[in-house]
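Participant: Predicted model, plus sequence, below.
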Amino acid sequence: MKISTRKLISLRHPSLNLWHRTVDCFTWNTLIRAYVQRTHQPSSPTHTPLSIFLRMRFHGVHIDYYTFPFLLQSVHSPLHLQLGRSIHSQVLIFGFSSDPFVQTSLISMYTACGDVGSAREVFDEMSQRDLPAWNSIVNANVKAGLLSVARELFVKMPSRNVVSWSSMLDGYVRWGKCEEALELFNQMMKENEVMPNEYTMAILLAACEQLGSLEHGKWAHACVYKLGMEINVVLGTSLIEMYAKCGSIVRARLVFENLGPKKDVMAWNAMISGLAKHGYWEDCLCLFSNMVDSGVTPDDITFLGVLSACVHGGLVSQGKDMFERMSKEFGISPSVQHYGCMIDLYGKAGLIDEAWDLLNTMPMEPGVLIWGALLSGARMCGDIETCEIALNKIIEQDPTNSAAYVLLSNVYAKMGRWKDAGDIRNVMETKKVHKVPGRSSIEINANIQ
DNA sequence: GTAGGGTTAG
């Protein structure tokens, strides 16, 4: 049989013809890589990068220094830390523990697993540390929130490129130190050592967004323009989110329109939830239709935006319709937040029975978010019984919620159940529940009386 | 012919 007519590897039915003379280490490595890329996609395959690796070992195939960087990419969650450690020991057994590529991959793996200590151990053991190694250890500390350590390493590293600066910037933004981020960006521009790129600017825009400062945001946008950067979909999404959060929905919309046909689901989502937050529910729903028409499939975030627009506009029937389409048409199972929106929507419209019906169909345990939404609806239309149930649930799940005790006591007083009202006050005394500002998960502003 | 570092998500 001629080689060309014989399929060597099929991802759908992964079976290697192991007697085939071309099946070598390279092929296996490529197969592992293919499975790593595949695990990033929703449907999980029967074979994993690890199972390919194990088969590779079983068949006595040579393992080389390309194998582990691929394999380590498959470990990217704290849940898989033990697996990561096992692979690390394989690295030692196979004698690749001094390979800079493998070592940097190990640092990344430990970072993704949330184990900055092990990442640091690998880094400290490196005899030759190149730029990616330094960048990955800075990133490890950034992700762990160890900003002063990250900064120390950043200052100490022998050379810096745009990745180094972006990582450090990201650290500040990620941990709410936006002023420091702006300062670092200014330093970067002043030193003129490396030019910022799209990554850098997306991070800078996130800083402006967090600050809620339109002036800073406009300045960052001007920087993007001056640097002559093409506004790609990621940068565009960052701009839309920044403008929406900083209160300029008009500018957000301009960026959105200028993105042209290359908009992905995240870009649409940014615009849809931006419009929803600003109360433009008509435009929001219209944009949703445009999105579907243009062939972009909405996701759970899209529906959170659309449903919250319905809540703002009091659009009960549209909201109901969207909630149904979400699962029926798009196969998205509603999360607790989606249920929260719907119960909010019904509650605000005074449809407490509908709210209850939906609550009873929820596949998950309703949490404080749900009971809080039901409570606010019940309070608005004076449904005392529902208030009582919701408040008891809230107290059950969050016994330190002082506002809930006060409200419940008021509810009992309103019902003439003076003994129950007094009991609640006593429970508060004995449990030493005190008002803690910002602690309460429900609003205290309205009065039940 | 394959490899390591950084961006959007409520």
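Facilitator: Everything's here; your move.

Participant: Please point out which parts of stretch A:154-163 sit buried.
Facilitator: By neighbour count with 16 or more other CB atoms under 10 Å, stretch A:154-163 contains the buried residues A:Phe154, A:Met157, A:Arg160, A:Val162, A:Val163. For the C-beta atoms, the positions are set from N, CA and C on the backbone; glycine is no exception.

Participant: so what's A:Gly279 up against?
Facilitator: A:Gly279 sits next to A:His312, A:Gly313 when contact means CB atoms under 8 Å, 6 or more residues apart in numbering.

Participant: Tell me the pLDDT of it.
Facilitator: Each residue has a pLDDT score; the one for A:Gly279 is 94.

Participant: Give me the contacts around the helix or strand A:Gly171 falls within.
Facilitator: Secondary structure from DSSP states H and E places A:Gly171 in helix A:162-174. Applying CB under 8 Å, 6+ apart, the external contacts of helix A:162-174 come out as A:131, A:134-135, A:138-139, A:141-143, A:145, A:147, A:150-151, A:154, A:157, A:177-178, A:180-181, A:184-185, A:188, A:194-197, A:199-200, A:203-204, A:206-207, A:210.

Participant: One more pass at 6 Å, please.
Facilitator: Helix A:162-174 has contacts (CB atoms under 6 Å, 6 or more residues apart in numbering) with A:135, A:138-139, A:142, A:147, A:150, A:154, A:180-181, A:184, A:188, A:194, A:197, A:199-200, A:203, A:206-207.

Participant: Just to be sure, which of the residues you listed are found in helices?
Facilitator: Among the contacts of helix A:162-174, the ones falling in helices (DSSP state H) are A:135, A:138-139, A:142, A:147, A:150, A:154, A:180-181, A:184, A:188, A:199-200, A:203, A:206-207.

Participant: Tell me which ones among those residues also neighbour DNA strand B, please.
Facilitator: Among those, the ones lying near DNA strand B by CB under 7 Å from any atom of the strand are A:Asn135, A:Asn139, A:Tyr199, A:Thr200, A:Ile203, A:Ala206.

Participant: Neighbours of the last one, how many?
Facilitator: By the measure other CB atoms under 10 Å, the count of residues near A:Ala206 is 21.

Participant: distance between stretch A:227-234 and the chain's centre?
Facilitator: Put simply, stretch A:227-234 sits 23 Å off its chain's centre (CA atoms, centre = their mean, to the nearest Å).

Participant: again with stretch A:68-75
Facilitator: Distance, stretch centre to chain centre, for stretch A:68-75: 22 Å (CA atoms, centre = their mean).

Participant: same check, this time on stretch A:342-359
Facilitator: So, by CA atoms, centre = their mean, the centroid of stretch A:342-359 is 28 Å from its chain's centroid.

Participant: Mind checking the pLDDT average for it?
Facilitator: Here the average pLDDT along stretch A:342-359 is 96.

Participant: and that stretch, anywhere near DNA strand B?
Facilitator: No: between stretch A:342-359 and DNA strand B, judged by CB under 7 Å from any atom of the strand, nothing touches; the nearest distance is 14.2 Å.

Participant: ok, residues contacting that stretch?
Facilitator: Contacts with stretch A:342-359, where a contact means CB under 6 Å, 6+ apart, come from A:310-311, A:316, A:319, A:323, A:366, A:373-374, A:377-378, A:381, A:383, A:386.

Participant: what kind of secondary structure is A:Ile87 in?
Facilitator: helix (DSSP: H, G, I helix; E, B strand; the rest coil).

Participant: okay, now it: neighbour count?
Facilitator: Neighbour count for A:Ile87, taken as other CB under 10 Å: 21.

Participant: ditto for A:Leu315
Facilitator: 20.

Participant: For DNA strand B, what's its nearest residue on the stretch 201-350 of chain A.
Facilitator: A:Met266 (3.1 Å; CB to the nearest atom of the strand).

Participant: Remind me which helix or strand that residue belongs to.
Facilitator: A:Met266 is part of helix A:265-277, with elements assigned from DSSP H and E.

Participant: Show me what that helix is packed up against.
Facilitator: Helices and strands touching helix A:265-277, by 3 or more CB pairs under 6 Å, 6 or more residues apart in numbering; DSSP states H and E, are helix A:233-245, helix A:281-293, helix A:300-313.

Participant: how about stretch A:321-328: buried residues?
Facilitator: Buried residues in stretch A:321-328, defined by neighbour count with 16+ other CB under 10 Å: A:Met322, A:Phe323, A:Arg325, A:Met326.

Participant: Give me the pLDDT for the nearest residue to A:Trp281 once chain neighbours are set aside.
Facilitator: Counting by CB to CB, 6 or more residues apart in numbering, the nearest residue to A:Trp281 once its immediate chain neighbours are dropped is A:Gly313, at 3.5 Å. On pLDDT, A:Gly313 comes in at 95.

Participant: any low-confidence regions in chain A?
Facilitator: Along chain A, segments meeting pLDDT under 70 span A:1-23, A:40-45, A:434-449.

Participant: Spatially central residue in it, please.
Facilitator: Nearest to the geometric centre of chain A sits A:Ile301, at 10.6 Å (CA atoms, centre = their mean).

Participant: Would you mind listing the residues in contact with it?
Facilitator: A:Ile301 neighbours (CB under 6 Å, 6+ apart): A:Asn269.

Participant: Recalculate using a threshold of 10 Å.
Facilitator: Shown in contact with A:Ile301 (CB atoms under 10 Å, 6 or more residues apart in numbering): A:Val265, A:Met266, A:Trp268, A:Asn269, A:Ala270, A:Ile272, A:Ser273, A:Ile332, A:Ser335, A:Gln337.

Participant: Sticking with the last one, tell me its helix or strand.
Facilitator: If I follow you right, that is A:Gln337. Per DSSP H and E: helix A:336-348 holds A:Gln337.

Participant: Off-centre distance for that helix?
Facilitator: 22 Å.

Participant: in it, what counts as buried?
Facilitator: So for helix A:336-348, counting by 16+ other CB under 10 Å, buried means A:Gln337, A:His338, A:Tyr339, A:Gly340, A:Cys341, A:Met342, A:Ile343, A:Asp344, A:Leu345, A:Tyr346, A:Gly347, A:Lys348.

Participant: next one: stretch A:139-148
Facilitator: The neighbour-count check on stretch A:139-148 (16+ other CB under 10 Å) flags A:Asn139, A:Ala140, A:Asn141, A:Val142, A:Lys143, A:Ala144, A:Leu146, A:Leu147 as buried.

Participant: Could you export it as CSV, CA atoms only?
Facilitator: Extracted in CSV, the C-alpha atoms of stretch A:139-148 (Å, rounded to 0.1, in the frame of the first residue of the first chain):
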residue,chain,number,x,y,z
ASN,A,139,3.7,36.6,35.5
ALA,A,140,3.5,33.8,38.1
ASN,A,141,3.8,36.4,40.9
VAL,A,142,1.4,38.8,39.1
LYS,A,143,-1.2,36.1,39.0
ALA,A,144,-0.7,35.2,42.6
GLY,A,145,-1.1,38.9,43.6
LEU,A,146,2.5,39.1,44.8
LEU,A,147,3.0,42.5,43.2
SER,A,148,6.0,43.6,45.2
